[in-house]
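>>> Sharing a model that was predicted from the sequence below.
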Amino acid sequence: ADPGSRADAGAETDAAGETGARVYLHFSERESADRLFPILRAEGLSPVLATDRYHVLDDASAGKVDVLVVDASSAEESAFSLCRLLRDSFSPVQLPMLLVADCLDDLAVERGCAAGFNDFLTRPFEANALALRVGSLARLSEASSRNESLARSESEKNAFLYFLTHNVNTPLTVLINRVRELEREGVPFSVTHEFDDIQACAREINDIVQNVLVSFRLSDGRQTLWL
């Protein structure tokens, strides 16, 4: 089987029982990547070998890649073009990338920065050094995922509150107008206490709804707060 296929890589990861950040190694040779697998696993990471750049792009689009490590010596120009393609869809915190190379001159560093790599590592290097850098990038990706999750939760909460307040506001307005009509017409003495309770509750609910609506208008710039 092709060692770079997603099925092969996925089976290897699942067999190891790993649940940490998914680190894709875009290496053309399995032997080079295999030496790094135990070190990365020891850091609580889930390494996956992906020799095919299209598999990397597909899995990244599906949200399966947390950190990408690219071997420039084996990927060559593909290393930079792959990073540029991914940067069109993912920011450096959403998908951190590390470039590994035999030797980086000033031009290569500039190309790597322009392509969007987060970090660089040159051979020879200690495997632990790579694991530490990848671990740091994985935490960056994890923090980005948490922030996105919180942002989605906040957006969903606001959408729900906005829907709720607008749907409550219409019947509440009808209720308040009816209470005012009854007040003008005169309320029988026998139900005065009950009427006062209804009137007070309607005003309290209206205050809550209007405060929520004002907060939405302030947040999206439709209303300005003057002090």
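It's in.
>>> and the lengthiest helix in the chain, what does it pack onto?
For the chain, the longest helix by residue count, based on DSSP state H, is helix 127-185. Under the contact definition 3 or more C-beta pairs under 8 Å, 6 or more residues apart in numbering; DSSP states H and E, helix 127-185 sits against helix 37-42, strand 67-71, strand 97-101, strand 119-122, helix 192-219. Bear in mind the C-beta positions are built from the backbone N, C-alpha and C, glycine included.
>>> how close does the nearest residue to residue 32 once chain neighbours are set aside sit to residue 132?
Counting by C-beta to C-beta, 6 or more residues apart in numbering, residue 32 lies nearest to residue 71, which is 6.6 Å off, once chain neighbours are set aside. Per C-beta to C-beta, to the nearest Å, residue 71 is found 18 Å from residue 132.
>>> for residue 188, same thing?
80 Å.
>>> Compare those two (neighbour count), which wins?
Comparing residue 188 with residue 132 by neighbour count (other C-beta atoms under 10 Å), the higher total belongs to residue 132, at 13 against 8.
>>> ok, the residue lying farthest from the centre of the chain to residue 195 distance?
Distance from the C-alpha centroid of the chain, by C-alpha atoms, centre = their mean, peaks at residue 189 (60.8 Å). As for residue 189, its distance to residue 195 is 10 Å (criterion: C-beta to C-beta).
>>> anything in contact with each of these two?
Shared contacts of residue 189 and residue 195 (C-beta atoms under 8 Å, 6 or more residues apart in numbering): none.
>>> re the thing from before, wait, the residue nearest to residue 32 touches residue 28, no?
Yes - counting by C-beta atoms under 8 Å, residue 28 is a contact partner of residue 71 at 7.1 Å.
>>> So which of the two has more stuff around it?
Each of residue 71 and residue 28 has its neighbours counted (other C-beta under 10 Å); residue 71 has more, 22 against 16.
>>> For the more buried one, give the beta-bridge partners.
On the basis of DSSP bridges, residue 71 takes part in beta bridges with residue 100.
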